[in-house]
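>>> need a structure here:
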Amino acid sequence: MTVHVVVPAGLDDPQRPSGGNVYDRRVCNGLVERGWRVVEHHVAGSWPDPDQVALAELAKAVDLVPNDELLLVDGLIASAAYDVLVAAARRLRMVVLVHLPLALPGEGEVLTGARALVTTSAWSRAELLSRYALDPGLVHVAEPGAERAAPARGTAQGGELLCVAAVSAHKGHDVLVTALAALRDLPWRCRLVGSLERDPHFVADLRRLVVAVGLAGRVTFCGARTGTELSEAYARSDLLVHPSRGETYGMVVTEALAHGLPVLATDVGGVSEALGETAVGPAGLLVAADEPVSLAAVLRNWLTDESLRDGLRAAAAHRRRTLPSWQSTSDRVGQVLAEVAA
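Here you go, the predicted model:
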């Protein structure tokens, strides 16, 4: 069977890594491995805030899809393209892959016009069902997979902290730096791995904050890392700290757990789903978003309590063995597409 897939341009750009891009690439490749003919349409534009040029390019791509064929559209595009996709849904078998409900004007009309929706977490599915008049039977979950890696080496003191996310206000780096400022009496280093281009003004402010609170030399801006460089960053760390203000799932959490690396994250969106459960206890700790005092307190516990570190490391090693695979993700998406095709 054939499926046409519409994704944002830059999907494979190593300088623009994101969970959504990784998910889309893994699913497309997985469908090909399962015998699907996948026709990719990469659409340029500042999605989900397109200009008329971007919308025209999307319309041109969609017009190339023959009547009644399958069309899988990344939600970053779909939620912002009411004028193009509502009409397209009348002649195509459209499925929308919703990474993040955006509540944009026209999003509801696009989603209700689709033959099915695929979400990346149960939390995201519940959000859509509470927000729009959707048939629950047509809203599916295909959680992201994870590729198991060699266990992180770690250190005895637990002071190698890692944050992996594009450096932007949404990801809460300012909360992390504020929390770390309260821990200057303890030995630790923190590496910020993520694009510095997404929100340059925020990056500049964050650099000034690092200096102002006396953490220059202890907090390192590493820029974007992918592939072996990113794997090595996980391997050299003791704890992933993810202070995000919102996530539909939090693929970085399962990426860390795939290395047996414990996680300290904010309890937002689907992060608790990504963290999961184990028979030997939690593989990480959750705190409220936007609360640097709470984050600092939990970090202090991690840095000073060896038994806490040992317990979390044992649970993370257990969770590493039970993470879902990308094969299961592609199987689930393929199943939804096959049902719509039928």
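>>> so where is the stretch 151-300 of the chain shaky, pLDDT-wise?
Applying pLDDT under 70 to the stretch 151-300 of the chain flags no residue at all.
>>> mind listing the helices for it?
Applying DSSP state H, counting those that start in this stretch to the stretch 151-300 of the chain gives helices spanning 173-181, 200-212, 227-235, 251-257, 271-275, 292-304.
>>> switch those helices over to TSV; also include distance to residue 56.
Heads up, the C-betas are built off the backbone N, CA and C, glycines and all. TSV is the format used below for these (distance: least, CB to CB, whole Å):
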stretch	distance to residue 56
helix 173-181	36
helix 200-212	28
helix 227-235	35
helix 251-257	32
helix 271-275	37
helix 292-304	45
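>>> quick one: closest of these to residue 22.
With CB to CB as the measure, helix 251-257 is the member of these nearest residue 22 (6.6 Å).
>>> pull the CA atoms of stretch 182-202 into CSV?
Extracted in CSV, the C-alpha atoms of stretch 182-202 (Å, rounded to 0.1, in the frame of the first residue of the first chain):
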residue,chain,number,x,y,z
ALA,A,182,21.2,27.0,45.4
LEU,A,183,23.6,24.1,45.1
ARG,A,184,26.9,25.9,44.8
ASP,A,185,28.2,24.3,47.9
LEU,A,186,28.1,20.8,46.3
PRO,A,187,30.3,19.3,43.6
TRP,A,188,28.5,19.0,40.3
ARG,A,189,28.7,20.0,36.6
CYS,A,190,25.8,20.5,34.3
ARG,A,191,25.9,20.2,30.5
LEU,A,192,23.1,21.8,28.4
VAL,A,193,22.9,19.8,25.2
GLY,A,194,20.5,21.3,22.6
SER,A,195,20.1,23.8,19.8
LEU,A,196,21.1,27.4,20.7
GLU,A,197,19.4,28.8,17.6
ARG,A,198,15.7,28.1,18.4
ASP,A,199,15.3,31.1,20.8
PRO,A,200,18.4,33.3,20.6
HIS,A,201,17.1,36.0,23.0
PHE,A,202,16.4,33.4,25.7
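>>> deepest of the helices of the stretch 151-300 of the chain, which one?
Looking across those with neighbours counted as mean count of other CB atoms under 10 Å, the highest average goes to helix 251-257: a mean of 27.
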